[in-house]
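Participant: okay, sequence plus prediction incoming.
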Amino acid sequence: MDWTLEVVIVPVSDLDRSIAFYRDQVGFDLDHDTVNEHMHVAQLTPRGSGCSIVIGSLPSQNEMAPGSLRGLQLVVADAEAARAELIGRGVEAGPITVFDERDGGTFFGFADPDGNTWAVQQLRVRAERPLIPVDSRGRFGAEQES
């Protein structure tokens, strides 16, 4: 039995502002933005990830204070390039810190507009061996459209 982590709820105070931040500044793909009489939720996925974030007005989201999530972790092949990309899009990213010279020991961080914090870890091996191969990245495992 595989147990896969595929969604993390991120508590935010302003859904539209958060969608704009994660989509336009951080570069996550907006999978859906659903509004009905019961809820308003959006799901966004970092490129190459098997796990998405969900923001909105579901009961579980309302139980957490906006900005209370700490240390969500993203992995990139090149920390300097990733940090430069975020800064170029207006995200305030912290300095790069090397805790260990071995692959996986380099980090930087940033926060969303509510104060939820993210750590970004460099794993150079991801450049050669992405966690999810490019040709397997279609929505929910479906074939990608050309």
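Facilitator: Cool, got the structure. Numbers count the residues shown, from 1 in each chain.
Participant: where does the protein have its least confident helix or strand?
Facilitator: Scoring the helices and strands of the chain by mean pLDDT, DSSP states H and E places helix 59-62 at the bottom, with a mean of 79.
Participant: what is the subsequent helix or strand relative to that helix?
Facilitator: Using DSSP states H and E, the helix or strand that directly follows helix 59-62 along the chain is strand 72-76.
Participant: just give me how far the next helix-or-strand element following that following strand sits from the chain centre.
Facilitator: In the C-terminal direction, the helix or strand that comes right after strand 72-76 (DSSP H and E) is helix 79-88. Using CA atoms, centre = their mean, to the nearest Å, the distance from the centre of helix 79-88 to the centre of the chain it belongs to is 14 Å.
Participant: and helix 79-88, what does it pack onto?
Facilitator: In this structure, helix 79-88 makes packing contacts with strand 106-111, strand 117-122, judged by 3 or more CB pairs under 8 Å, 6 or more residues apart in numbering; DSSP states H and E. C-beta: built from backbone N, CA, C; applies to glycine.
Participant: what is the last one packed up against?
Facilitator: In terms of contact count using 3+ CB pairs under 8 Å, 6+ apart, strand 117-122 is assigned the packing partners strand 72-76, helix 79-88, strand 106-111.
Participant: give me whichever of the ones you listed is most buried.
Facilitator: When neighbours are counted by mean count of other CB atoms under 10 Å, the highest per-stretch mean among these falls to strand 106-111, a mean of 19.
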